[in-house]
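*Asks:* model the following, please.
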Amino acid sequence: MSIQERVLGVNHPSTANTYEGIACVYYSLGELNKSLKLHQKALNLYEKVLGISHPDTANILNNIGVILYDLGQFDKALEYHTKALSIFESVLGRDSADTAQAYYNIAIHYQEHGDLTKASEWYEKALPIFTGVLGNQHPLTHTIQRNLEKLQQQVPSEQIVDSKKLLEPAEQTSRIIKNTPDSEIT
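*Replies:* Numbering: from 1, shown residues only. Now for the predicted structure:
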């Protein structure tokens, strides 16, 4: 790290990216506090270098939300996921995988805290996007489908949309994207 900081400078996107990478290693090792500290350092750099409305900044916010959730700081985690979502929606739009990931993280928060109606609303936003972007066979798409099906068993049916109905438009979009020659994609 010290060589990179000397060569590129402390306020460089690559330096922030390196902090983020090391933070992710600490997270995978279960060192949540070390991971959080480095993610926050990367967040400060990204905000300074890239700005507060950049997708990389939003990704860090999302990661910090996951760590805070794992540390039991649920309200603070939701705050970070909501900030990330706001950036993703405004910069990348509502149909990006990053936006869907934020929807998914918020859904998990509500499901784990017993607000099944809100959880289903957030899963319903995420599912068509993941299906369209990642396809029906992707593990995350399957996870969301299973979570929605579990919620359908727990919440009155008039409050939850059938996950199979949500897949129909997304499956069609997925087929259109896959069958479109590269020269037609703008």
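*Asks:* show me where the protein has helices.
*Replies:* Using DSSP state H, the helices of the chain run over 2-8, 13-28, 32-49, 55-70, 74-91, 97-112, 116-134, 139-154, 163-179.
*Asks:* now mean neighbour count too, for those helices, in a markdown table please.
*Replies:* Using the backbone N, CA and C atoms, a C-beta is placed for each residue, glycine as well. A markdown table is the format used below for the helices of the chain (neighbours: other Cβ atoms under 10 Å):
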| stretch | mean neighbour count |
| --- | --- |
| helix 2-8 | 10 |
| helix 13-28 | 17 |
| helix 32-49 | 19 |
| helix 55-70 | 22 |
| helix 74-91 | 18 |
| helix 97-112 | 22 |
| helix 116-134 | 22 |
| helix 139-154 | 16 |
| helix 163-179 | 14 |
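*Asks:* make CSV out of the ones you listed and add mean pLDDT.
*Replies:* Output for these, formatted as CSV (pLDDT from 0 to 100):
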stretch, mean pLDDT
helix 2-8, 59
helix 13-28, 89
helix 32-49, 95
helix 55-70, 95
helix 74-91, 96
helix 97-112, 93
helix 116-134, 92
helix 139-154, 88
helix 163-179, 37
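*Asks:* any idea how far the nearest residue to residue 23 once chain neighbours are set aside lies from residue 125?
*Replies:* Of all residues not flanking residue 23 in the chain, residue 38 sits nearest, at 3.6 Å (Cβ to Cβ, 6 or more residues apart in numbering). Applying Cβ to Cβ, to the nearest Å, the value for residue 38 to residue 125 is 30 Å.
*Asks:* go on, residue 114?
*Replies:* In this view, residue 114 and residue 125 are 19 Å apart by Cβ to Cβ.
*Asks:* and the residue nearest to residue 23, how far from residue 17?
*Replies:* From residue 38 across to residue 17, the span is 11 Å (Cβ to Cβ).
*Asks:* what touches both of the two?
*Replies:* Counting by Cβ atoms under 8 Å, 6 or more residues apart in numbering, no residue touches both residue 38 and residue 17.
*Asks:* tell me the domain ranges of this structure?
*Replies:* 1-72, 93-180 (automatic domain parsing).
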